[in-house]
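Novice: Below is the sequence, then the predicted model.
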Amino acid sequence: MSVMEGGSQTPMSWRYCGNQIKLWRMQAGISREALGKEANYEYETIKSMEQGRRKPALRLLQVADQMFGARGLLLAGQEYLKPDKFASYSEDFIRYEAEAIVLNGFESLVIPGLLQTKEYAEALIGDHCPPLDDETIDARVTARLERQALLDKQTRAFNFLIGEAALRFPIGDKEMHVRQLHHLLEVGKRRNVTIQVVPFGGTHPGLLGPFVLLETPEHEHLVYEEGQTTGVLYADPPKVSIINQRHAMILRQALSPEASANFIRKLAEEL
């Protein structure tokens, strides 16, 4: 099994494309040294790409395809080497989110993805650990911004509870943070979007972590919870009921939409 730094398994597409390069190379009777010299890569780099420990580069696919007479069959692999738009554990949630007729979310420390500005998203995703390459960062930022088109669907309701800490903690410089706060005010003007601030003080179930409640067009209710390295989407009624109860308790401590807008506006003016 190939693994990346940190112990996570490398993508199957890397391993498959790398193995195809190796098989075509061996069939053509060409050494790794010769391939590396032609493509301007070191022997160990070629070996890592063939073994799927490193993503096969487009340059290598181009050179290998020509050297081995693959007639485009190797070069076609580039379509499967594009970076994932989302973390693998969130893919099911993303599919259900796209169809949900109601979304109720709570975030305590960061602005929800559907409400982030491009620069805010770039800062968060760009500070990933372990570090992501530029191509992956660009793909994930673009995908996050594309998801925000869901808010344009006026027959769907989006309700966001945001902890005061997320509003006060600056991501980037002061100007960037102010722009993010103004963006919240603009998005909050939509009839199908409600933004409420959960102020400091007291205890509530949100201290246990963020979550998203979804209702599908078939009126199925689901919950998504995400941690450091994993995310869980579930529809088990007893568990969903617990999150619904917790959401209601947090909502009771939240400011009204109007008071929340005033809170965010005042905070932006003070910065």
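Specialist: Now that the structure is in, tell me what you want to look at. Numbering: from 1, shown residues only.
Novice: gap between residue 218 and residue 184?
Specialist: Separation of residue 218 from residue 184 (Cβ to Cβ, to the nearest Å) stands at 31 Å. Placement of C-beta: from N, CA and C, glycine included.
Novice: Between those two, point out the one with more neighbours.
Specialist: Ranked by neighbour count (other Cβ atoms under 10 Å), residue 218 and residue 184 place residue 184 first, with 24 against 7.
Novice: residue contacts, the more buried one?
Specialist: Residues counted as contacts of residue 184 (Cβ atoms under 8 Å, 6 or more residues apart in numbering) are 111, 115, 162, 195, 264.
Novice: swap in residue 63?
Specialist: Contacts for residue 63 (Cβ under 8 Å, 6+ apart) come out as 35, 38, 39.
Novice: where's the spatially closest residue to the last one that is not a sequence neighbour, which helix or strand?
Specialist: Taking Cβ to Cβ, 6 or more residues apart in numbering, and ignoring the residues beside it in sequence, residue 39 has residue 63 as its nearest neighbour in space, at 4.1 Å. According to DSSP states H and E, residue 63 maps onto helix 58-67.
Novice: what does residue 17 give?
Specialist: Short version, using DSSP H and E: residue 17 is in helix 12-28.
Novice: Equivalent analysis for residue 36, please.
Specialist: Assigned by DSSP H and E, residue 36 falls within helix 32-39.
Novice: Could you check how far that helix is from the centre of its chain?
Specialist: Taking Cα atoms, centre = their mean, to the nearest Å, the mean C-alpha location of helix 32-39 is offset from the chain mean by 36 Å.
Novice: Would you mark the buried spots in that helix?
Specialist: Of all the residues in helix 32-39, those buried under the rule 16 or more other Cβ atoms under 10 Å are 32, 35, 36, 39.
Novice: Max pairwise distance over these: which two?
Specialist: The widest separation within the buried residues of helix 32-39, taken as Cβ to Cβ, falls between 32 and 39 and amounts to 10.3 Å.
Novice: which neighbours do these two share?
Specialist: Jointly contacting residue 32 and residue 39 under the rule Cβ under 8 Å, 6+ apart are residue 46.
Novice: which residue is nearest the middle of the chain?
Specialist: In the chain, the centroid-proximal residue (Cα atoms, centre = their mean) is residue 86; its distance is 4.4 Å.
Novice: ranges for the strands of the stretch 51-200 of the chain?
Specialist: Assigned by DSSP state E, counting those that start in this stretch, the strands in the stretch 51-200 of the chain fall at 102-107, 157-163, 193-198.
Novice: okay, the second one in PDB with CA atoms only?
Specialist: The C-alpha coordinates for strand 157-163 follow below in PDB (Å, rounded to 0.1, in the frame of the first residue of the first chain):
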ATOM      1  CA  ALA A 157     -34.100  27.500   3.100                       C
ATOM      2  CA  PHE A 158     -30.600  28.100   4.600                       C
ATOM      3  CA  ASN A 159     -30.300  28.800   8.300                       C
ATOM      4  CA  PHE A 160     -26.900  29.500   9.800                       C
ATOM      5  CA  LEU A 161     -26.000  29.800  13.500                       C
ATOM      6  CA  ILE A 162     -22.500  31.200  13.900                       C
ATOM      7  CA  GLY A 163     -20.600  31.500  17.100                       C
END
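Novice: Can you spell out which helices and strands pack onto that strand?
Specialist: When contacts are defined as 3 or more Cβ pairs under 8 Å, 6 or more residues apart in numbering; DSSP states H and E, strand 157-163 packs onto strand 102-107, strand 193-198, helix 237-253.
Novice: Residue 213 is nearest to which of the ones you listed?
Specialist: With Cβ to Cβ, the closest approach to residue 213 among the helices and strands packed on strand 157-163 belongs to strand 102-107: 4.2 Å.
Novice: In PDB, list the C-alpha atoms belonging to the closest one.
Specialist: Provided in PDB are the C-alpha atoms of strand 102-107 (Å, rounded to 0.1, in the frame of the first residue of the first chain):
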ATOM      1  CA  VAL A 102     -33.600  22.900   4.200                       C
ATOM      2  CA  LEU A 103     -30.100  23.300   5.700                       C
ATOM      3  CA  ASN A 104     -29.600  24.200   9.400                       C
ATOM      4  CA  GLY A 105     -26.000  24.600  10.300                       C
ATOM      5  CA  PHE A 106     -24.000  25.600  13.400                       C
ATOM      6  CA  GLU A 107     -20.300  26.700  13.300                       C
END
